[in-house]
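# Here is a sequence with its predicted model. Questions after.
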Amino acid sequence: MQAIQVINNDEQNTLEIGTVPDPEFSAKTIRVKIKATALNRADLLQRTGNYPPPKGASEILGLEMAGIVEKVGNEVTKWNLGDRVFGLLAGGGYAEYCTIHEDMAMEIPENLPFDKAAAIPETFLTAFQALDWLGKLQEKETVLIHAAGSGVGTSAIQLAHHLYDAQIIATAGKQHKLDAAKELGANFAYNYKQQNYAEEIISDVGPDSVDVVVDFIGKPYWHKNMEVMAMDGRVVYLSFLGGHKIEELSLIPILRKRLSIMGSTLRNRSEQYKIDLTKDFAQKALSLFRTGTLSPVIDSTFDWTDTEQAHQRMQNNKNTGKIVLTGM
């Protein structure tokens, strides 16, 4: 099959489409003809050698896909040839074909084209894990979502709004991303480049008012996060895009406010964990995609022959929502 390959896993790497072996197939898997995939920052890290795939996973970039079932294993009971499916991958999305465990695949709602379906799995499952499984967000609580214009950020805002009726605070560095956050359901949106969001939250919402924080930035936000956390608050770290070493760190707020500080990646979780997460997400949220209540925010769509341009757009932080690849 044809797939996008990384030439030289270092800072001087390039991408090119080449011929690779077909993906491995087993009794409980389905083989999917990929119609669309989507970019994630993990792809940018992997191509430079800084985020290798988990043991046994495909070396090909791409953590999600949407396509058509082309072959089923002899123990598969859920899917038939020709079914439209989408799902989370540990790797292998930048290719003509992939294999996926039958229980990790979800049926694409009839109203969604492949490009929109491909933009759902990684970001919405990551956001769902952060809000529900880790942050244990409850109805009417207040959640602070950083990097609100990212794929996970736009997904988290929608889930917090429609599943939990939460009070949502968003941060981003560009006005169009803040505008998008408000349109998706954020009650407050602050430009971290121009505003001290902790001071704004204390003024607009109240002191010690945030129950859950979803943070991708790390170092620059630690102290401000601590200022606004409510008693028994939960902080979920998904990345450290702004650095991970914090000067003059005080642990006092953690004890005084009884805080829970968590970190998680999704890619290296066990297959069973991801199956359980997929099932829970599908049960609670999939019907909302069918009604249009939830919808992935798509920034742009590129033919996979232009993947280098797509990566550059994400690298320059120009995207609001997902960047999708088609044409496999």
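Cool, got the structure. Residues are numbered from 1 along each chain as shown.

# In the stretch 101-250 of the chain, mark out all the helices, start to finish.
114-118, 121-128, 151-164, 175-184, 197-204, 222-228 (DSSP state H, counting those that start in this stretch).

# mind checking which of the ones you listed is nearest Leu286?
helix 121-128 (9.8 Å; CB to CB). To be clear about C-beta, it is placed using only N, CA and C from the backbone, and glycine gets the same treatment.

# could you say what helices and strands that closest one packs with?
strand 64-72, strand 84-88, helix 151-164, helix 271-290 (3 or more CB pairs under 8 Å, 6 or more residues apart in numbering; DSSP states H and E).

# Tabulate those in a markdown table, adding columns for distance to Pro52.
Formatted as a markdown table, the helices and strands packed on helix 121-128 follow (distance: least, CB to CB, whole Å):
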| stretch | distance to Pro52 |
| --- | --- |
| strand 64-72 | 18 |
| strand 84-88 | 18 |
| helix 151-164 | 21 |
| helix 271-290 | 18 |
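
# Next, format the ones you listed as CSV and append mean neighbour count, mean pLDDT and distance to His176.
Below are the helices and strands packed on helix 121-128 laid out as CSV (neighbours: other CB atoms under 10 Å; pLDDT from 0 to 100; distance: least, CB to CB, whole Å):
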stretch, mean neighbour count, mean pLDDT, distance to His176
strand 64-72, 23, 98, 25
strand 84-88, 25, 98, 27
helix 151-164, 26, 97, 12
helix 271-290, 16, 97, 24
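
# Give me the mean pLDDT for stretch 223-232.
Average pLDDT, stretch 223-232: 98.

# Between its first and last residues, how far does that stretch reach?
This stretch, stretch 223-232, spans 17 Å end to end (CA to CA, to the nearest Å).

# Just the buried positions in that stretch, please.
Within stretch 223-232, the residues scored as buried using 16 or more other CB atoms under 10 Å are 224-230.

# quick one: Leu178 from Asn191, how far?
For Leu178, the distance to Asn191 (CB to CB, to the nearest Å) stands at 6 Å.

# no no, Phe128
27 Å.

# More neighbours: the two, which one.
Set Phe128 next to Asn191 and count neighbours by other CB atoms under 10 Å: Phe128 wins out with 22 against 15.

# before we move on, the earlier item: can I get the buried residues of stretch 223-232 in CSV including distance to Tyr197?
Putting these into CSV (distance: CB to CB, whole Å) gives the following:
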residue, distance to Tyr197
Lys224, 6
Asn225, 9
Met226, 13
Glu227, 10
Val228, 8
Met229, 13
Ala230, 16
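
# Point out where the protein drops to low pLDDT.
9 (pLDDT under 70).

# what residues are up against the residue nearest the centre of it?
For the chain, Thr123 is the residue whose C-alpha lies nearest the centre (CA atoms, centre = their mean; 2.2 Å). Taking CB atoms under 8 Å, 6 or more residues apart in numbering, we find Thr123 in contact with 38, 40, 150-152, 154-155, 296, 322.

# Out of these, which is nearest to Gln195?
For these, the nearest to Gln195 is Ser150 (18.8 Å; CB to CB).

# Next, count neighbours for the nearest residue to that closest one once chain neighbours are set aside.
Counting by CB to CB, 6 or more residues apart in numbering, Phe216 is the residue found nearest to Ser150 once chain neighbours are left out, at 6.9 Å. When neighbours are defined as other CB under 10 Å, Phe216 has 20 of them.

# begin at 284 from here
Renumbered: residue one is now 284, and that last one reads Phe499.

# Verify the contact between Phe499 and Gly432 for me.
No - at 11.1 Å, Phe499 and Gly432 do not qualify as touching, with contact defined as CB atoms under 8 Å.

# re earlier: for the residue nearest to Ser433, what are its contacts?
429-430, 433, 435-436, 520-524.

# Now which of those would you call buried?
The buried subset of these - by 16+ other CB under 10 Å - is 429-430, 433, 435-436, 520-522, 524.
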